[in-house]
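Engineer: Dropping a prediction and its sequence here:
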Amino acid sequence: MDQNGDQKICDVIVVGSGATGGVAAKELSEQGLSVLVLEAGRSIEPKDLGNGAIAMAKRLYNLGTQRQSFQALHPGYWKTNPDLFVNEQENPYTTPDDKPFSWVRGRQVGGKSLTWGGITLRLSDYEFKAASRDGYGQNWPISYRDLAPYYDRLEQFFGVQGACDDLPQLPNGHYQSPATFTPAEIQFKASMERAIASSQSSSPFSSQSSPEPFSLHTPRMIISRGFPLHRPTRDRPWPRSPRKPRTPNSVVYTRSINKWRVSVM
């Protein structure tokens, strides 16, 4: 039911608009289905993503009053607006005494996709089949080969930047060129090269077998939209999809507020 009280029939209902629900809605809608996304959290405006003095004051207050003790364990908590994390006093949960779990949550359109670190490393069979290597636990019921095609599609859609280093524990991906250095990284690079050039030849950062001087090159981080790196390129803006455009109104984002009251975004 939309804001006018008119009923609409949708093909699919997706619960949650985070990293999983959002991608599910995208994929289903691109197949021509009408998708209804139910989100328990609030709508987000660009101003809600800021991080400054007010956000720091909120973090200190929330920690002092134990409103976000577990949320503060997430690295992104200290780099974005704490309002993107839940108030634990208003959203309590319990765990078995012998199996504690720190549950980091975000209740807003986009979920925790707004607070993730922007690191998109591919898991390999070193993780999926770890039990076969170290004898602990159980192997995953899937292998890297099963997920590889999906990694390919999402990396191209999100415009992930990185380098292919041919490491078995870090499979190569379909990346854009590695991200350029920030001004701070350029200064750090110059300082490191000067320090290494003046150090002893036995420095662990240098290679005695190579006649070329040590130098730092483009970073090997694999990134997309991490908190400090919102830098899509002009020719490849974010997000992008290799598939056909969505049909008009194929996705209806709706959030459920207080006993089935809904609003259409």
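Structural biologist: Nice, thanks for sending it over. All values reported here derive from a predicted model rather than from experimental measurement. Residues are numbered from 1 along each chain as shown.

Engineer: Which stretches in the stretch 51-200 of the chain count as helices?
Structural biologist: For the stretch 51-200 of the chain, the helices defined by DSSP state H, counting those that start in this stretch occupy 53-64, 125-128, 130-134, 144-158, 183-197.

Engineer: Okay, buried residues for the first one please.
Structural biologist: By neighbour count on 16 or more other C-beta atoms under 10 Å, the buried set for helix 53-64 is Ala55, Arg59, Asn62. (Glycine included, C-beta is placed from N, CA and C.)

Engineer: So what touches that helix?
Structural biologist: Here helix 53-64 makes contact (C-beta atoms under 8 Å, 6 or more residues apart in numbering) with Arg67, Gln68, Ser69, Gln71, Ala72, Tyr77, Trp78, Thr80, Asn81, Pro82, Asp83, Asn87.

Engineer: Just give the closest residue to Glu127, not the sequence neighbours.
Structural biologist: Trp140 (7.5 Å; C-beta to C-beta, 6 or more residues apart in numbering).

Engineer: What is the neighbour count of that neighbour?
Structural biologist: 16 (other C-beta atoms under 10 Å).

Engineer: And for the one 3 residues further on?
Structural biologist: The burial metric for Ser143, expressed as a neighbour count using other C-beta under 10 Å, is 13.

Engineer: residue contacts, it?
Structural biologist: Contacts of Ser143 (C-beta under 8 Å, 6+ apart): Asp125, Phe128, Lys129.

Engineer: same thing with Asp48?
Structural biologist: Per C-beta under 8 Å, 6+ apart, neighbours of Asp48: Asn81, Asp83, Leu84, Gln108.

Engineer: State the distance from the spatially closest residue to the first one that is not a sequence neighbour to Asp97.
Structural biologist: Read that as Asn81. Spatially, and ignoring its direct neighbours in sequence, Asn81 is nearest to Ala55 (5.1 Å; C-beta to C-beta, 6+ apart). Distance of Ala55 to Asp97, computed by C-beta to C-beta, to the nearest Å: 34 Å.

Engineer: just Met192 next, same as before
Structural biologist: 48 Å.

Engineer: quick one: low-confidence ranges for the stretch 1-150 of the chain?
Structural biologist: Residues of the stretch 1-150 of the chain meeting the criterion pLDDT under 70: 1-6.

Engineer: circling back: just confirm the residue nearest to Glu127 contacts Lys129, I think it does.
Structural biologist: Yes - counting by C-beta atoms under 8 Å, Lys129 is a contact partner of Trp140 at 7.3 Å.

Engineer: Can you tell me the number of residues neighbouring Glu155?
Structural biologist: For Glu155, the neighbour count with other C-beta under 10 Å is 20.

Engineer: Counting by contacts, list what the helix or strand containing Glu27 packs against.
Structural biologist: Element membership for Glu27, per DSSP states H and E: helix 19-30. Applying 3 or more C-beta pairs under 8 Å, 6 or more residues apart in numbering; DSSP states H and E, one finds that helix 19-30 makes contact with strand 12-15, strand 35-39, strand 251-257.
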